[in-house]
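# Build me a model from this:
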Amino acid sequence: MNRYAIVGFGCAGYQALTALRESDMAAEIHVFSDLGEPPANPMLTTYYAAGRLPYEALFPFGSLEEIGLRYSPILHMEEPVTALDASRRCLICGETTYGPFDGILLATGADPVVPPLGVTVGKRVLCMRTVADARALRSRLESGDIRSVTVIGASMVGIKIVELCQEAGIACTLADMADRIFPLAAFPDVAEEIQRRLVEKGVALRFGSAVSGAEETEASVTTRFAQGEAVESDLLVLCIGTRARTALAREAGLEVGRGIVVSDSMETSVPGIYAAGDCCEGRNIMTGGHQIIGLWANAAYQGQTAGHCMAGDPVLFSGNILHNITHFMGMDFISFGDVNAQGEVHTIGKPTDSRYIKAVVSDGELRCVNMLDSYHISGVVKNYMMNRFTGNHAPLPAALRGLLAREGFTDEFLALFEGRDQA
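Numbering: from 1, shown residues only. As a prediction, this is how the structure comes out:
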């Protein structure tokens, strides 16, 4: 009987468990987690904090009991793995050693970035990443004494915190050291229009200045910036970003860059040791290189690939692209690809129009697309772009071409998406 281990029980770890069980019904599968709860979706935490979702909805795969009945794993909950013996394929948890295993998956995820501000995450300083973070934020908002919030991080998570504050009638300041909102996803003119709308809705913006420190009292927290006046508020929420959890891999001698380096089978530099999800660098099909793509669907695909490959059922991860699809405060924003890409610029409309689309094309291929207020067509556009980047150069189906034409796509833009010369 084969024995496998999964370290970390988020989306990637869960999907690896399902794939392992599909490929090896008789295997003994050990799952190790720092936490005592089932896999949660981090992108749902803001919805729970806003009171839009019940607590159970944070766990899309069900309870630990339900997962246990479906897949029969041996669960080691609240049992952190402290070391990996890669040569023997063993895991060390404190004074206990488990293994050897036929394969080990590292699905350790990522931690929120918390800069040294001089304050401690707790009562008036919070992060937003985990279920515990969501519980803490919801509790603070329901206390009734929060009238103002400072959000550090103009990210997809940061804007959702701003949205829930606005809905609750709480004054909000959104700050980032970058010069604009969504700096990794939005073109400057798109970001400028989003910012204009936010200011119209009463959101205060502080961009282009790093946070230099913070001071907390019993009644408030004051955030200081490298330039400009300090901001005093009742609550400070950090949404600065994440950092891959690579310590186990690094200390075990695996190759690590920003994340754990893997092949298209999700195997690391040490045979029999795999990695998947936010802790690793998977293939970016747009660039051909490897990088961390911290998306739920990406973690799922990588976990499935790793699980099958660990069990000797070879499947290759085809890769993914950088993309963001979000709705907030009456706006839709969609981004695909590298916002810093260079090439020919093509647009439909103006940023202030009811719909604005901007694309950068180089060597006949799309490199980046922003769409503002086009949420209901974002899925079909994403799927078609994914097909193109993975080698499927079939023309747009007639129904899809007609849909996009009705949505304002000119023949020039349709030609760009199909990679053909304009007729």
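# So which residues of the stretch 1-150 of the chain form strands?
Applying DSSP state E, counting those that start in this stretch to the stretch 1-150 of the chain gives strands spanning 3-7, 28-32, 74-76, 83-85, 90-93, 96-98, 103-106, 110-112, 125-127, 148-152.
# Name the stretch among those strands that sits most buried.
Of all these, strand 103-106 has the most neighbours on average by mean count of other CB atoms under 10 Å, namely a mean of 30. For glycine as for every other residue, the C-beta is placed from the backbone atoms N, C-alpha and C.
# Can I get it as PDB, trimmed to CA atoms?
This file holds the C-alpha atoms of strand 103-106, laid out as PDB (Å, rounded to 0.1, in the frame of the first residue of the first chain):
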ATOM      1  CA  GLY A 103       5.300  11.100  -2.200                       C
ATOM      2  CA  ILE A 104       4.900  14.400  -0.300                       C
ATOM      3  CA  LEU A 105       3.100  17.500  -1.400                       C
ATOM      4  CA  LEU A 106       3.900  20.900   0.000                       C
END
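# Can you redo the strands of the stretch 1-150 of the chain as JSON lines, where the extra columns are mean pLDDT and distance to Tyr274?
Shown next, in JSON lines, are the strands of the stretch 1-150 of the chain (pLDDT from 0 to 100; distance: least, CB to CB, whole Å):
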{"stretch": "strand 3-7", "mean pLDDT": "98", "distance to Tyr274": "9"}
{"stretch": "strand 28-32", "mean pLDDT": "98", "distance to Tyr274": "13"}
{"stretch": "strand 74-76", "mean pLDDT": "98", "distance to Tyr274": "18"}
{"stretch": "strand 83-85", "mean pLDDT": "97", "distance to Tyr274": "12"}
{"stretch": "strand 90-93", "mean pLDDT": "98", "distance to Tyr274": "13"}
{"stretch": "strand 96-98", "mean pLDDT": "97", "distance to Tyr274": "17"}
{"stretch": "strand 103-106", "mean pLDDT": "98", "distance to Tyr274": "5"}
{"stretch": "strand 110-112", "mean pLDDT": "92", "distance to Tyr274": "17"}
{"stretch": "strand 125-127", "mean pLDDT": "92", "distance to Tyr274": "28"}
{"stretch": "strand 148-152", "mean pLDDT": "96", "distance to Tyr274": "35"}
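# For Tyr48, which of the ones you listed is the nearest?
For the strands of the stretch 1-150 of the chain, distance to Tyr48 was read as CB to CB. The smallest value, 13.8 Å, belongs to strand 125-127.
# Show me what that closest one is packed up against.
If contacts are counted by 3 or more CB pairs under 8 Å, 6 or more residues apart in numbering; DSSP states H and E, strand 125-127 sits against helix 131-142, strand 235-238.
# Show me which positions of the first one end up buried.
Taking 16 or more other CB atoms under 10 Å as the basis for neighbour counts, the residues of helix 131-142 that come out buried are 131, 133-134, 136-138, 140-141.
# Please write out the alpha-carbon positions of that helix in PDB.
The C-alpha trace of helix 131-142 is given here as PDB (Å, rounded to 0.1, in the frame of the first residue of the first chain):
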ATOM      1  CA  VAL A 131     -11.000  32.800   8.400                       C
ATOM      2  CA  ALA A 132      -9.700  34.000  11.700                       C
ATOM      3  CA  ASP A 133      -9.000  37.400  10.200                       C
ATOM      4  CA  ALA A 134     -12.600  37.500   8.800                       C
ATOM      5  CA  ARG A 135     -14.000  36.600  12.200                       C
ATOM      6  CA  ALA A 136     -11.900  39.300  13.900                       C
ATOM      7  CA  LEU A 137     -13.000  42.000  11.400                       C
ATOM      8  CA  ARG A 138     -16.700  41.100  11.600                       C
ATOM      9  CA  SER A 139     -16.500  41.100  15.300                       C
ATOM     10  CA  ARG A 140     -15.000  44.600  15.400                       C
ATOM     11  CA  LEU A 141     -17.500  46.000  12.900                       C
ATOM     12  CA  GLU A 142     -20.400  44.500  14.800                       C
END
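# how far is that helix from where the chain is centred?
20 Å (CA atoms, centre = their mean, to the nearest Å).
# Check which helices and strands that helix sits against.
helix 45-49, strand 125-127.
# quick one on the thing from earlier: confidence-wise, which of the helices and strands packed on strand 125-127 is weakest overall?
Among the helices and strands packed on strand 125-127, helix 131-142 has the lowest mean pLDDT, at a mean of 92.
# the helices in this structure, which residues?
11-23, 45-49, 64-71, 131-142, 156-167, 188-200, 247-251, 296-310, 378-389, 398-406, 411-418 (DSSP state H).
# Would you single out the least confident of the ones you listed?
Taking the mean pLDDT of these, helix 378-389 comes last: a mean of 74.
# can you state the direction angle for that one and helix 398-406?
Here the directions of helix 378-389 and helix 398-406 differ by 120 degrees (axes from the mean of the first three to the mean of the last three CA atoms, to 10 degrees).
# Pull out the buried positions in helix 378-389.
Buried-residue list, helix 378-389, by 16+ other CB under 10 Å: 378, 380-382, 384-386, 388-389.
# same thing with stretch 156-170?
156-166, 170.
# circling back: with distance to Phe61 as extra columns, can I get the helices and strands packed on helix 131-142 in JSON lines?
Formatted as JSON lines, the helices and strands packed on helix 131-142 follow (distance: least, CB to CB, whole Å):
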{"stretch": "helix 45-49", "distance to Phe61": "16"}
{"stretch": "strand 125-127", "distance to Phe61": "24"}
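# Could you dump the strands of the stretch 1-150 of the chain into TSV with distance to Leu404 added?
Output for these, formatted as TSV (distance: least, CB to CB, whole Å):
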stretch	distance to Leu404
strand 3-7	41
strand 28-32	44
strand 74-76	47
strand 83-85	48
strand 90-93	50
strand 96-98	53
strand 103-106	40
strand 110-112	35
strand 125-127	39
strand 148-152	35
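# of those, which approaches Ala306 most closely?
Evaluated over the strands of the stretch 1-150 of the chain, closeness to Ala306 peaks at strand 103-106, with 5.2 Å, by CB to CB.
# Okay, now the sheet partners of the closest one, with direction.
Strand 103-106 sits in its sheet next to strand 3-7 (parallel), strand 273-275 (parallel), going by DSSP bridges.
# Name the residues that touch that strand?
Identification of contacts with strand 103-106 by CB atoms under 8 Å, 6 or more residues apart in numbering yields 2, 4-8, 12-13, 16, 84, 89, 91, 248-249, 260, 266, 268, 272-276, 279-280, 303, 306-307, 310-311.
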